[in-house]
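**Q** Any chance you could fold what I've pasted below:
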Amino acid sequence: MAHGVVQVTNPSSSRWRRRTGEYATVADALAAAADGDVLTVGPGTYRENLVIDHAVTLRCADGPGTVRIAPSSGVAVTVRASASVHDLVVEGQDSTAAALLVEACSPELTGLRVNARSAVGVEVRDNARPTARRCTVDNPAGVGISVLDAAGGLFEDCEVVAAGQSGVTVRTGGSPRLERCRVHHVSGSGLSVTGEHSSLEAVGCEVFEVRGTGLHLSQRASGQLTDCRVHGTTGDGISLDSDAVLAMSDCDVHDIPENAVDLRARAVLTLTRCTVRRFGRNGLSVWDPGTRADANGCEIHDSTGDYPAVWVSDGAVAVIDACRVHDVPDALFVLDRGSRADVVDSDFTQIRNTAVSVSDGANVQLDDCRIRDAATGAWFRDHGSGGTFAQVTIDSASTGVIVTKGADPALERCTVTNTTESGIYVSAEGRGTFTACKVTGSKGYGFHIIDGCRSTLTRCRTERCARGGYEFAEPGPVTEDCTSDRAATPEPAPVTVPPVPERQPAGRSYGLLGGVPQQQPAQPAAQPEPAPAAGRGSAEVLAELDALVGLDGVKREVRTLIDMIAVGRRRLEAGLKAPSPRRHLVFTGSPGTGKTTVARLYGEILASLDVLERGHLVEVARVDLVGEHIGSTAIRTQEAFERARGGVLFIDEAYALAPEDGGRDFGREAIDTLVKLMEDHRDAVVVIVAGYTAEMERFLASNPGVASRFSRTITFGDYSAEELLRIVESQAAEQEYRLGEDAGEALLKYFSALPKGPAFGNGRAARQAFEAMVERHAVRLAHVDEPTHDELQLLYPEDLPELP
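**A** Alright, predicted model coming up:
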């Protein structure tokens with residue numbers, strides 16, 4: 001067919017309706033055509049503005065791409081009838097108009113290529129319902145496809161290859177369906193749906209290479225995505241706000257530098273079997289009252305940033321069911337009063353920091369969930385924060401559960417296994433109710449509850465906890481029917497000889513000879529750092545120090561410090577210069593050698609000499625100082641320092657702040673903050689750092705100012721066999737037992753043969769041996785009908801446990 005010729009035919013079988021004609025322009029042919037006619041257009045470029053207002057068929061004589069409709073301005077092609085348009089190249093150049101406009105009709109558009117620099121590549125409006133197949137839109141100056149004014153239509157296998165604004169926009173009640181479409185290389189949103197009654201349904205589509213958000217729904221708009229992929233954006237992957245509603249199933253959102261999925265302002269999202277991966281901020285972030293996200297069978301993993309995978313705040317709600325979250329910095333953060341997360345049958349694994357964090361009055365509920373390989377399994381951070389854990393397992397975390405600053409969660413039938421630090425740690429006025437919970441294989445304590453926190457433990461159990469099953473600071477938690485496979489005692493609580501100390505009242509006992517806590521009546525919560533009892537003079541406190549078993553070198557060092565301070569005060573009173581001894585100390589040595597007890601006595605002595613205002617002891621560890629995000633560590637370190645003001649800040653296992661492979665670890669921020677606080681408030685707080693000898697050397701080298709602040713190191717040596725025997729003798733007297741014939745010699749042999757590796761418990765080993773003897777003594781006498789008074793007291797060599 002010749003160039004520039006348009007042939008009009010009518011394929012009707014009725015002879016009188018057959019009509020044939022050739023026209024020089026497409027516009028002339030359209031003017032002559034009637035419904036049912038076929039317009040066959042010869043190859044060429046037609047610089048016309050076409051209006052198709054009859055149900056005709058428009059096709060290219062020589063195949064796709066041979067006919068260009070390219071007017072200099074205005075709408076290139078307007079379709080106002082149920083026509084069929086095939087294989088045209090439509091070129092628009094008007095920045096105020098669409099290149100292809102479909103109005104109030106239901107045409108079929110197949111194989112069209114819209115190459116434009118127009119306001120819109122394809123605009124569908126006024127209730128139009130086109131069916132577009134295998135069409136492409138390239139419009140670097142404006143929107144790719146716009147559907148508005150209650151229009152809709154079906155787009156199959158179509159592609160927006162470039163757009164200067166959004167790839168597809170839907171507004172004012174539009175409702176298109178996209179199947180197997182691709183939208184990419186756009187500036188703006190890939191898909192944008194705005195306004196009440198506006199909706200979008202997409203199946204098998206892909207949105208990528210977007211300089212903006214992949215999909216944005218707002219102002220009561222709705223959408224449904226099935227088997228779609230969104231990736232390679234510069235903004236959020238999916239963004240919902242202002243009462244928008246979206247359902248996604250079997251979708252994949254990945255390689256997003258910002259939030260993969262972000263909801264705000266009462267938006268509602270349902271995710272089913274979706275995957276969210278490789279995101280720079282949150283995988284799923286849910287904000288504001290009335291906003292809700294439901295995820296079922298989803299996987300969120302491989303964060304590329306330093307933010308929590310799931311973020312719920314400002315009163316929002318998230319429901320997570322049968323999901324997996326792994327290889328992320330933090331798994332779930334729930335913040336602010338009214339915020340809530342309900343998690344069922346889900347897994348959190350390979351979490352670099354905290355798996356579940358609850359703060360600022362938020363609430364979380366976990367049922368039948370599993371947490372594995374996290375620095376912290378769950379952290380309830382502050383007053384009003386809480387929730388419930390039921391049948392949750394936490395395995396291979398540094399710390400299983402942390403409760404601080406007035407938080408009050410309830411844990412029931414939960415299991416914590418193989419932690420490198422405490423299984424459950426409560427401090428700084430934290431509370432918590434623990435029912436039928438079990439801690440197994442902890443390298444620290446099972447339950448470590450300090451600062452006099454009034455938690456409640458009922459039917460709890462500890463097994464194979466290296467430092468002991470239960471470690472409490474008085475007044476301690478309320479306990480009932482708790483058990484352990486081995487004893488645990490306060491660290492290190494050396495025994496004084498003589499005199500034999502009085503027995504503790506039942507309300508303050510730590511259970512059977514210190515191993516398992518006995519039930520304690522509920523009492524009003526105590527202040528976490530009470531001042532020492534009034535009237536304790538330095539002589540009385542020094543006498544208690546001298547009465548401790550062993551520690552001769554430690555006692556000399558402490559006395560030297562005290563003497564220097566006392567003489568310095570007298571020199572000042574005499575008008576002489578006084579030396580300025582460094583009061584900050586480093587305690588090195590193995591566990592169970594009395595470091596905490598000596599630190600407490602040291603604070604009391606300094607208070608009795610008016611060097612410190614109160615002399616109270618605040619014991620912290622890495623978990624109390626180090627946050628998960630930039631800036632939070634400095635705040636927590638300052639808070640701990642303030643709590644210790646006027647007393648002693650005791651940092652146990654301080655070397656954990658400077659791990660060998662720390663890299664970006666925030667522990668170094670805690671060290672830097674601490675050094676500055678010690679300089680700025682040098683007379684307000686005494687800081688004592690403690691830990692193993694070699695590790696503490698690394699800690700002192702971690703910051704140039706650390707070694708200069710801690711100029712004196714006191715080494716706590718391991719107890720000798722004779723000293724361990726004295727501890728046992730004192731405990732026996734305290735509990736109204738006596739060592740029988742040859743029992744003392746047997747104990748010496750036992751302690752001499754006991755392995756003295758890095759985990760050797762020193763004073764704790766003596767207590768464990770004594771408690772094991774008491775248990776075996778009970779088993780031995782249980783079958784004696786009427787034991788004598790001596791038999792009820794005497795412990796013999798056969799009561800000794802076997803060597804481990």
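**Q** is it true that Y307 touches D262?
**A** No. Using C-beta atoms under 8 Å, Y307 is not in contact with D262; the gap is 11.8 Å. Where you see a C-beta, it was placed from the backbone N, CA and C, and this is true even at glycine.
**Q** And the two? Which one has more around it.
**A** D262 (26 against 21; other C-beta atoms under 10 Å).
**Q** Tell me who's in contact with the more buried one.
**A** Applying C-beta atoms under 8 Å, 6 or more residues apart in numbering, we find D262 in contact with D236, I238, S239, L240, N282, S285, W287.
**Q** helices and strands of this structure: which one has the lowest mean pLDDT?
**A** helix 704-709 (a mean of 72; mean pLDDT, DSSP states H and E).
**Q** after that one comes which helix or strand?
**A** strand 712-716 (DSSP states H and E).
**Q** Check the offset of stretch 146-157 from the chain's centre.
**A** Counting by C-alpha atoms, centre = their mean, to the nearest Å, stretch 146-157 is centred 41 Å from the centre of its parent chain.
**Q** Give me the distance between stretch 163-171 and the centre of its chain.
**A** 35 Å.
**Q** Convert it to CSV, retaining C-alpha atoms only.
**A** Output in CSV follows, covering the C-alpha atoms of stretch 163-171 (Å, rounded to 0.1, in the frame of the first residue of the first chain):
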residue,chain,number,x,y,z
ALA,A,163,8.0,8.9,32.8
GLY,A,164,9.1,12.3,34.1
GLN,A,165,6.5,12.1,36.8
SER,A,166,4.6,9.1,38.1
GLY,A,167,4.4,6.0,36.0
VAL,A,168,0.7,5.3,36.6
THR,A,169,-1.7,7.7,38.5
VAL,A,170,-5.2,6.9,39.6
ARG,A,171,-7.4,9.6,41.1
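**Q** which parts of the helix ranked longest in the chain are buried?
**A** Taking DSSP state H as the criterion, the chain has its longest helix at helix 552-573. Buried residues in helix 552-573, defined by neighbour count with 16 or more other C-beta atoms under 10 Å: V554, K555, E557, V558, L561, I562, M564, I565, G568.
**Q** how far is that helix from where the chain is centred?
**A** Chain-centre distance of helix 552-573: 47 Å, with C-alpha atoms, centre = their mean.
**Q** same for that helix, what does it pack against?
**A** helix 538-546, helix 595-608, strand 712-716 (3 or more C-beta pairs under 8 Å, 6 or more residues apart in numbering; DSSP states H and E).
**Q** Neighbouring strands of the shortest one in the sheet, and parallel or not?
**A** If I follow you right, that is strand 712-716. Strand pairing for strand 712-716, using DSSP bridges, gives strand 585-589 (parallel).
**Q** Alpha carbons of the partner strand, as CSV, please.
**A** Backbone C-alpha positions of strand 585-589 (Å, rounded to 0.1, in the frame of the first residue of the first chain) are rendered in CSV as follows:
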residue,chain,number,x,y,z
LEU,A,585,39.6,1.7,90.4
VAL,A,586,40.0,-1.3,88.2
PHE,A,587,39.1,-4.7,89.7
THR,A,588,40.5,-7.7,87.9
GLY,A,589,40.2,-11.4,88.6
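**Q** Tell me what angle that strand forms with helix 552-573.
**A** Counting by axes from the mean of the first three to the mean of the last three C-alpha atoms, to 10 degrees, strand 585-589 lies at 170 degrees to helix 552-573.
**Q** Can you tell me, leaving aside adjacent residues, what's nearest to I449?
**A** Spatial nearest neighbour of I449, chain neighbours left out: V426 (4.3 Å); criterion: C-beta to C-beta, 6 or more residues apart in numbering.
**Q** contacting residues for that neighbour?
**A** With C-beta under 8 Å, 6+ apart, V426 has these contacts: I402, V403, T404, G432, F447, H448, I449, I450, C453, S455, P477.
**Q** surely the last one meets G452?
**A** Put plainly, it is P477. No. Contact between P477 and G452 fails when scored by C-beta under 8 Å: they sit 9.3 Å apart.
**Q** Which of these two has more residues huddled nearby?
**A** P477 (25 against 20).
**Q** In the stretch 251-400 of the chain, where is pLDDT below threshold?
**A** Of all residues in the stretch 251-400 of the chain, none has pLDDT under 70.
**Q** which stretches of the stretch 701-804 of the chain form helices?
**A** Chain-ordered helices for the stretch 701-804 of the chain, with DSSP state H, counting those that start in this stretch as the definition, fall at 704-709, 721-734, 743-753, 763-781.
**Q** of all the ones you listed, which lies closest to A70?
**A** helix 704-709 (71.8 Å; C-beta to C-beta).
**Q** returning to that earlier point: mind listing which of the contacts of V426 are in helices?
**A** Among the contacts of V426, DSSP H puts none in helices.
**Q** Dump these into a markdown table; add distance to G667 as well.
**A** Listed next are the contacts of V426 as a markdown table, based on distance: C-beta to C-beta, whole Å:
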| residue | distance to G667 |
| --- | --- |
| I402 | 16 |
| V403 | 21 |
| T404 | 17 |
| G432 | 25 |
| F447 | 24 |
| H448 | 19 |
| I449 | 23 |
| I450 | 20 |
| C453 | 24 |
| S455 | 27 |
| P477 | 29 |
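**Q** Which of those ranks first by neighbour count?
**A** F447 (33 neighbours).
**Q** Tell me the spacing between L800 and H777.
**A** 10 Å (C-beta to C-beta, to the nearest Å).
**Q** Overlap of the contact sets of Y307 and D262?
**A** Common neighbours of Y307 and D262 (C-beta under 8 Å, 6+ apart) are N282.
**Q** on that earlier part again, please work out which of the helices and strands packed on helix 552-573 is packed deepest.
**A** Counting by mean count of other C-beta atoms under 10 Å, helix 595-608 has the highest mean neighbour count of the helices and strands packed on helix 552-573, with a mean of 24.
**Q** Any chance you could give me the following helix or strand past that helix in CSV, C-alpha atoms only?
**A** Under the assignment DSSP H and E, the closest C-terminal helix or strand after helix 595-608 is strand 617-620. Output in CSV follows, covering the C-alpha atoms of strand 617-620 (Å, rounded to 0.1, in the frame of the first residue of the first chain):
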residue,chain,number,x,y,z
LEU,A,617,26.5,1.2,94.8
VAL,A,618,24.9,1.2,91.3
GLU,A,619,25.8,-2.0,89.4
VAL,A,620,25.5,-2.0,85.7
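**Q** Could you pull up the mean pLDDT of strand 617-620?
**A** On average, the pLDDT along strand 617-620 is 90.
**Q** Outside of the next helix or strand after that strand itself, list whatever touches it.
**A** Later in the chain than strand 617-620, the nearest helix or strand by DSSP H and E is helix 622-625. The contact list for helix 622-625 (C-beta under 8 Å, 6+ apart) reads 376, 398-399, 402, 404, 421, 425, 427-428, 633, 636-637, 640, 651, 653, 656-657, 667, 670, 674.
**Q** any idea which of the contacts of V426 is least confident?
**A** By pLDDT, I450 ranks lowest within these, coming in at 84.
**Q** I'd assumed A473 was in contact with that one.
**A** Yes. Taking contacts as C-beta under 8 Å, I450 lies within contact range of A473: 4.5 Å.
**Q** Just put the helices and strands packed on helix 552-573 in TSV and tack on distance to E206 and mean pLDDT.
**A** Formatted as TSV, these follow (distance: least, C-beta to C-beta, whole Å; pLDDT from 0 to 100):
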stretch	distance to E206	mean pLDDT
helix 538-546	73	78
helix 595-608	60	86
strand 712-716	63	84
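**Q** Of the ones you listed, give the one that comes closest to A163.
**A** helix 595-608 (66.2 Å).
**Q** between that closest one and helix 538-546, how big is the angle?
**A** 170 degrees.
**Q** Pull the distance from helix 595-608 to the chain's centre.
**A** On C-alpha atoms, centre = their mean, the centre of helix 595-608 falls 37 Å from that of its chain.
**Q** quick one on the thing from earlier: secondary structure class for the residue nearest to I449?
**A** Classification of V426 by DSSP: H, G, I helix; E, B strand; the rest coil places it in strand.
**Q** Who does it form a beta bridge with?
**A** For V426, the beta-bridge partners are V403, I449 (DSSP bridges).
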